Each structure stands twice: as C-alpha cells, then as structure tokens.
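J.: Sequence first, predicted model second:
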Amino acid sequence: MEAAIITIMALLFLSFVALGVFVTVKAVKAAKRGVDRTLDQARRTVEDTTLRAKSFGQTGAAGELARLRLSLRTSMRATQEALQAGVGEDASLKESLDLFHRLSAHGLELDEDLKRIEREPDRAWVAGQLPELAARTERITSSADALRRAARDRALRFAEDDLSALSAQIDVEAGALRHWTTGPETTSERSGTVPGASSGTAGPRAGSGSSGPGAAAGSTAPGAGGEPSAITAPDPRLTSYPWEKSARPETTT
C-alpha cells in the first residue's frame, strides 16, 4: 500500500515537473518571438529611413535604386497588411493572399537584386540596368496595388450593402411604429373617445348623468377610469444613451 502511494506521488511530481517545463518552454518561445518581431520592426524602420534619405539626398543611379527599393517595400507591406487584416472576415481573400505570397517571392528576389546592384562599383553598368529594374518593380508593385485596392473595394461594397439592408429594415420598422397614422381607426377611436361626447350629443356616454365640459374632459383624459392609454410613451428615465439630451420638465402654462 505504501509503495503504491509513493508511486502515485512520484508520478504526480513528475507530471508537475513536466508541466512546468512545458509552460516555461512555451513562455520562452513566445518571448523570443516577441523579441524577433521587435527586432525585425526596428530593422525595417532603419532600412526604410535609410532608403528614404538616399532617395532624397542622392542623385543618379544610387538615388534611383533607393527609390525603387522604397517603392517596392512600401507597396508590398501595405498589401500584405490589408490582405491579412481582411482574410479573417472574408474567406474569399485567402486565394488573394496565396497569390500575394507567390508575388512576394518575386518581390524578395528583386529586392535582393537591387541591394546587390547598390554595391556595384561600375556606375555606368548600373545605369544601364536601371530601365529593366524599374520595369520589374513597376510590374510587381502594380500587381500588389491591384490586389490591395480590390480587397478594399470589396470590403467597402460589403459595408455599403449591409448599410443599405439595415436602412431598409429601419424604414420598415419606422413605418410599423407609425401604424396609428395610417390605420382605419382614428386616434380618438383608439383612445376610447366617442365623437360628440364633449357637446352632449347622444352616445354611449350621453346618459351617464353628467354632461358638460367637465365630464367631456374626464372622458377624454388619457388613462381615465384606470384604463391604459392606447399609446403609452416610455419612461425616459429607463433608457439613457450617450447622445441623448436631458429631459426637459413640462410647462404648466
């Protein structure tokens, strides 16, 4: 019996140790990924700043190469962020994201070529390569821009369709809330008021023994006799919205 208890305790101890090691490894990996992302972001920021400075501060082949690299990186990064942000809400963008990954391989290859040519000492040869490099950059950035703009237009169209459907539903609901103005019954019939009661003419309330303005006023008051009104306004104190103004007190004049 004691041996079994010792075995169970040993197994529990080993399980806790294994769990602790697993959690520690996961935490270390997560921290490493966070550090790597921070370093990558810092490196990209430094490279973009350097390229921007070269594109404005240098002329000739060096400045043109910097402008091409900066244009390529800016377009590809914006398209990647747009597609990755939208694919979670629109599954149709998954195919577009796959196409972008294929396009990214060409963009990465072009960026490496541009970096190698930046270190080329023969400026005349570099100048001769610029037209072909500019054409490649234009093809890749145009494709990336087309994907990004199409994804944005698709999201805007879906938002517009949703807003149109919502507006139509609100119009129907607004019409339903105003049903008393278009129904066959009048407001006085819904509130229980009999036409002519205030003038003392014959009617269901004419023989009640009390006539005159006072009786007429009593018969047409909302909620008279303990009966609820046909249309009861909600208590403004029960619902409050950020855009709602404070209720004004009723005047007694």
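T.: Right, received. Where do you want to start?

J.: rest of the way, CA atoms for contacts and neighbours
T.: Fine.

J.: which stretches of this structure aren't confidently modelled?
T.: By pLDDT under 70, the weakly predicted segments of the chain are 35-37, 40-41, 57, 181-253.

J.: Now with 50, please.
T.: Residues of the chain meeting the criterion pLDDT under 50: 186-191, 194-225, 228-231, 239-253.

J.: need the strands for it, in chain order.
T.: For the chain, strands defined by DSSP state E do not occur.

J.: domain parsing for it?
T.: Annotated domains of the chain cover 1-57, 59-169 [automatic domain parsing].

J.: would you list those in CSV and tack on mean neighbour count and distance to residue 179?
T.: Below are the domains of the chain laid out as CSV (neighbours: other Cα atoms under 10 Å; distance: least, Cα to Cα, whole Å):
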stretch, mean neighbour count, distance to residue 179
domain 1-57, 12, 59
domain 59-169, 15, 16
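
J.: how about those domains, which one is nearest residue 178?
T.: domain 59-169 (14.4 Å; Cα to Cα).

J.: Ends of that closest one, what's the gap?
T.: Start and end residues of domain 59-169 are separated by 60 Å (Cα to Cα, to the nearest Å).

J.: and the domains of the chain as TSV, adding distance to residue 175?
T.: What follows is the domains of the chain, written out as TSV (distance: least, Cα to Cα, whole Å):
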stretch	distance to residue 175
domain 1-57	54
domain 59-169	10
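
J.: Which stretch among the ones you listed approaches residue 180 most closely?
T.: Closest to residue 180 of the domains of the chain is domain 59-169 (Cα to Cα; 19.1 Å).

J.: can you map out the helices along the stretch 1-150 of the chain?
T.: 2-57, 60-86, 93-118, 123-177 (DSSP state H, counting those that start in this stretch).

J.: just checking, what packs against the third one?
T.: Here helix 93-118 touches helix 60-86, helix 123-177, going by 3 or more Cα pairs under 8 Å, 6 or more residues apart in numbering; DSSP states H and E.

J.: Could you check the angle the shortest one makes with helix 123-177?
T.: I take that to be helix 60-86. Between helix 60-86 and helix 123-177, the angle comes out at 30 degrees (axes from the mean of the first three to the mean of the last three Cα atoms, to 10 degrees).

J.: Give the other helices and strands that helix 60-86 contacts.
T.: helix 2-57, helix 93-118, helix 123-177.

J.: what angle separates it from helix 93-118?
T.: Using the same axes, to 10 degrees: helix 60-86 against helix 93-118 is 160 degrees.

J.: what's the answer for the longest one, then?
T.: Here helix 123-177 runs at 160 degrees with respect to helix 93-118, directions being taken by the same axes, to 10 degrees.

J.: which residues touch stretch 143-153?
T.: Residues outside stretch 143-153 that contact it (Cα atoms under 8 Å, 6 or more residues apart in numbering) are 75, 76, 78, 79, 82, 83, 86, 93, 96, 100, 103.

J.: Same check on stretch 76-96?
T.: Contacts for stretch 76-96 (Cα under 8 Å, 6+ apart): 97, 100, 104, 107, 141, 144, 145, 147, 148, 151, 152.

J.: if we go to 10 Å?
T.: Identification of contacts with stretch 76-96 by Cα atoms under 10 Å, 6 or more residues apart in numbering yields 97-104, 107-108, 140-152, 154-155, 158.

J.: Endpoints of it, how far apart?
T.: First residue to last in stretch 76-96 (Cα to Cα) measures 13 Å.

J.: And for stretch 115-131?
T.: End-to-end for stretch 115-131, by Cα to Cα: 16 Å.

J.: Which residues does it contact?
T.: Taking Cα under 10 Å, 6+ apart as the rule, stretch 115-131 contacts 60-66, 68-69, 110-112, 114, 133, 136-137.

J.: swap the cut-off to 8 Å and go again
T.: Looking at what lies outside stretch 115-131 - Cα under 8 Å, 6+ apart - the contacts are 61, 62, 64, 65.

J.: If anything else comes up later, I'll come back, but that's it for now.
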